[in-house]
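A.B. asks: quick one: sequence and predicted model below, then my questions.
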2 protein chains.
Amino acid sequence: MLQLDYRDRRPLHEQIKEKIKTLIITGVLQPDERIPSVRELAQLLTVNPNTIQRAYKDLEAEGFIYSIRAKGSFVAPRERSAPHPRREELLQQLERNVAELMYLEEPLEQVLEIVYAVYKKGGLNG
Amino acid sequence: MLQLDYRDRRPLHEQIKEKIKTLIITGVLQPDERIPSVRELAQLLTVNPNTIQRAYKDLEAEGFIYSIRAKGSFVAPRERSAPHPRREELLQQLERNVAELMYLEEPLEQVLEIVYAVYKKGGLNG
DNA sequence: CTAATGTATTATATTTAATAATACAGTTAA
DNA sequence: TTAACTGTATTATTAAATATAATACATTAG
């Protein structure tokens, strides 16, 4: 799962961030569960620790993990009180994405199908 | 509408590409309608012509415009026969986006609201 | 012919991405 | 206390992406 794709020309720290986020939103990683240390993951992916650090820093800024010095980094529990930092951006992206699909004449039914499928099985994948 | 945002740290050619795509999917620009020449738009945005060229090249690769040497660049009519180059990617992005929203406990109703709104008014904005 | 078009090339400077090598501060366990 | 592991920060260096600049060429329209 944690394997880099070098044909993907997005920055490594971004790829890594997305992969970990996927593990979180699919429930593979549970709230307060520890994720690999910066140095561990760097070695596992044969990548510089600074690159992992950058990914973790961004994940923390987006509210998906939290880090404690000398202890490790952990999956952030979902905050029901405050609105999530990513919420507004995600809703805008959704609107944009749907609008583009509609322009390409993708049937509404197909779009709804995807939305329902995700919510039905409680997340990603199938 | 065609105004660059220098707080946005995405590359200029990408910002420009997205802005033109927005004009297309909102119907402001109609099929086969001519868009500004590379040099015109470069001057309008006070940006290098090569940067516009890059944006147009990407837009053409994604099937949103076509260019004819010595004539200009134009909005591509939607092809009903072949599947659009962007379709598969857009559907995957949609699934991912919805999954992340669900993880953040965004109600299904809110997501459906956005989808319906876009399809109802026939595109973006409101 | 002239002017405008898309397209291509080469060069240069700036910014970003990634690596490398350390260092510091705090925790945990021996 | 010590050793090993954490997150975090800094500085330096290299490589890649971005953007500008200056041309040039082929084609079309007037």
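C.D. replies: Perfect, thanks for sending it.

A.B. asks: quick one: the helices in chain A?
C.D. replies: Applying DSSP state H to chain A gives helices spanning A:12-25, A:38-44, A:49-61, A:87-103, A:108-120.

A.B. asks: is the third one positioned near DNA strand C?
C.D. replies: Yes. In this structure, helix A:49-61 sits against DNA strand C according to C-beta under 7 Å from any atom of the strand; the contacting residues are A:49-51, A:54. In short, each C-beta sits where N, CA and C put it, glycine included.

A.B. asks: dump the residues you listed into a markdown table; add neighbour count as well.
C.D. replies: Compiled in a markdown table, those are given as follows (neighbours: other C-beta atoms under 10 Å in any protein chain shown):
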| residue | neighbour count |
| --- | --- |
| A:Pro49 | 14 |
| A:Asn50 | 11 |
| A:Thr51 | 18 |
| A:Arg54 | 18 |
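
A.B. asks: closest to B:Pro85 out of the helices of chain A?
C.D. replies: Closest to B:Pro85 of these is helix A:87-103 (C-beta to C-beta; 12.1 Å).

A.B. asks: buried residues in the closest one?
C.D. replies: By 16 or more other C-beta atoms under 10 Å in any protein chain shown, the buried positions in helix A:87-103 come out as A:87, A:90-91, A:93-103.

A.B. asks: would you turn the helices of chain A into JSON lines with mean pLDDT?
C.D. replies: JSON lines is the format used below for the helices of chain A (pLDDT from 0 to 100):
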{"stretch": "helix A:12-25", "mean pLDDT": "97"}
{"stretch": "helix A:38-44", "mean pLDDT": "98"}
{"stretch": "helix A:49-61", "mean pLDDT": "98"}
{"stretch": "helix A:87-103", "mean pLDDT": "96"}
{"stretch": "helix A:108-120", "mean pLDDT": "97"}
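
A.B. asks: from B:Leu45, how far out is the residue nearest in space to the middle of chain A?
C.D. replies: Taking C-alpha atoms, centre = their mean, the centroid of chain A lies closest to A:Lys21, which sits 2.4 Å from it. Distance, A:Lys21 to B:Leu45, by C-beta to C-beta, to the nearest Å: 34 Å.

A.B. asks: for A:Pro107, same thing?
C.D. replies: Between A:Pro107 and B:Leu45 the computed distance is 36 Å (C-beta to C-beta).

A.B. asks: higher neighbour count, the two?
C.D. replies: Neighbours were counted for A:Pro107 and for B:Leu45 using other C-beta atoms under 10 Å in any protein chain shown; B:Leu45 has more, 18 against 11.
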